[in-house]
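Peer 1: return a 3D structure for these sequence lines:
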Amino acid sequence: QVQLVESGGGSVQPGGSLRLACAVTGSAFNINAMAWYRLAPGKRRELVAIIISGGTTNYVDSVKGRFTVSRDNVKNTVYLQMNNLKPEDTAVYYCNIEAMDRLRPASGYNNYWGQGTQVTVSI
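Peer 2: I've put the predicted structure just below:
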């Protein structure tokens, strides 16, 4: 079974920083893309940042220059460093990966989600 365990959310003031982490455990292998999404009240789910196995990254325009996504392929962990946070960054942040499952290798690549972690930016 593939599991994603997120950590690092919390409450900060505008201009502050947080670092999210998402550890992949269980039977996942051949992890391709690792991404962070967010869901804010009244808004649609948004892809915030993505990093593929070769290291290429991409960001939504609103976080470029403030957020950095990285991954540790030994630890099977993806990180999101968030600097200069703004109130509009307030959301539940979800980790997502595209990977294969050793228990179901014939199923090919699938998407897996973390449980979500709350990030609140306010005075």
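
Peer 1: buried sites along the helix or strand where Trp36 lies?
Peer 2: Following DSSP states H and E, one finds Trp36 within strand 34-39. The neighbour-count check on strand 34-39 (16 or more other C-beta atoms under 10 Å) flags 34-38 as buried. Quick note: C-beta positions are derived from backbone N, CA and C, even for glycine.

Peer 1: so what touches that strand?
Peer 2: With contact meaning C-beta atoms under 8 Å, 6 or more residues apart in numbering, strand 34-39 is reached by 20, 22, 45-52, 69, 71, 78, 80, 89, 91-98, 116, 119.

Peer 1: out of those residues, which are inside helices?
Peer 2: Using DSSP state H, no member of the contacts of strand 34-39 falls within helices.

Peer 1: let me see the contact set for Lys64.
Peer 2: By C-beta under 8 Å, 6+ apart, Lys64 lies in contact with nothing.

Peer 1: go with 10 Å
Peer 2: 49, 58 (C-beta atoms under 10 Å, 6 or more residues apart in numbering).

Peer 1: and Gly114, by the same measure?
Peer 2: 3-7, 20, 22-24, 36-37, 78, 93-97.

Peer 1: mean confidence score for the strand holding Trp36?
Peer 2: Averaging pLDDT along strand 34-39 yields 98.

Peer 1: CA atoms of it as PDB?
Peer 2: Once non-C-alpha atoms are left out, strand 34-39 reads as follows in PDB (Å, rounded to 0.1, in the frame of the first residue of the first chain):
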ATOM      1  CA  MET A  34       5.900  14.800  -7.200                       C
ATOM      2  CA  ALA A  35       3.600  17.800  -6.700                       C
ATOM      3  CA  TRP A  36       1.900  20.100  -4.300                       C
ATOM      4  CA  TYR A  37      -1.700  21.200  -4.800                       C
ATOM      5  CA  ARG A  38      -3.700  23.500  -2.600                       C
ATOM      6  CA  LEU A  39      -7.400  24.000  -2.000                       C
END
